[in-house]
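**Q** Give me a model of this one.
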Amino acid sequence: MKQLLKSQIIQIPEGIQVEVSRRCVTVTGPRGTLTRRFTHFNCDIYKTSEGNLKVDCWFATKKKSASVKTICSIINNLITGVTKGFEYHMRLVYAHYPINAIVP
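**A** Numbers count the residues shown, from 1 in each chain. Down below sits the predicted model:
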């Protein structure tokens with residue numbers, strides 16, 4: 001069964017600038033600028049008058065409804081990336097054959 005409208009709102013924190021142009025989201029913050037294109041998703045992304053970001057999907061099936069949450073999670077990760085940054089921890093595990101790893 002299709003939903004008529006599936007929408008979700010993303011809060012934009014202070015000091016972060018978000019620009020939306022044709023499903024291309026650019027987030028600028030103290031650590032730099034990140035850009036992500038969502039042209040393969042059939043949805044509307046726009047800024048509201050309160051300064052929030054809204055993602056809408058009309059006549060959404062179950063998969064399209066799930067893509068709305070995916071888009072919002074990706075945009076929240078972009079906001080986290082330009083404010084705090086990311087740190088990756090890598091762990092190597094092997095059972096029988098040794099693994100050679102080169103860390104630059």
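**Q** how far away is residue 89 from residue 77?
**A** Plainly put, residue 89 is 17 Å away from residue 77 if you go by CB to CB, to the nearest Å. Glycine gets a C-beta too; all of them are placed from N, C-alpha and C.
**Q** Compare neighbour counts for those two and give me the winner.
**A** Taking other CB atoms under 10 Å, residue 89 and residue 77 do not tie; residue 77 has more neighbours (13 against 4).
**Q** Would you mind giving the secondary structure of the more buried one?
**A** Secondary structure for residue 77, judged by DSSP: H, G, I helix; E, B strand; the rest coil, is helix.
**Q** show me the contacts for it.
**A** Residue 77 is in contact with no residue at all, counting by CB atoms under 8 Å, 6 or more residues apart in numbering.
**Q** Quick check: the gap between it and residue 85.
**A** Per CB to CB, residue 77 is found 12 Å from residue 85.
**Q** repeat for residue 64
**A** Remark: distance between residue 64 and residue 85 (CB to CB) = 32 Å.
**Q** With neighbour numbers in mind, choose between those two.
**A** residue 64 (17 against 11).
**Q** shaky segments in the chain?
**A** For the chain, applying pLDDT under 70 flags the ranges 104.
**Q** show me the contacts for the residue nearest to the spatial centre of it.
**A** Nearest to the mean C-alpha position of the chain, by CA atoms, centre = their mean, lies residue 74 at 1.4 Å. Residue 74 makes contacts with 36, 38, as judged by CB under 8 Å, 6+ apart.
**Q** Doesn't it belong to a strand?
**A** No. With three-state DSSP as the criterion, residue 74 is helix rather than part of a strand.
**Q** ok, now how distant is it from residue 53?
**A** When distance is defined by CB to CB, residue 74 is 12 Å away from residue 53.
**Q** Could you do residue 79 as well?
**A** 9 Å.
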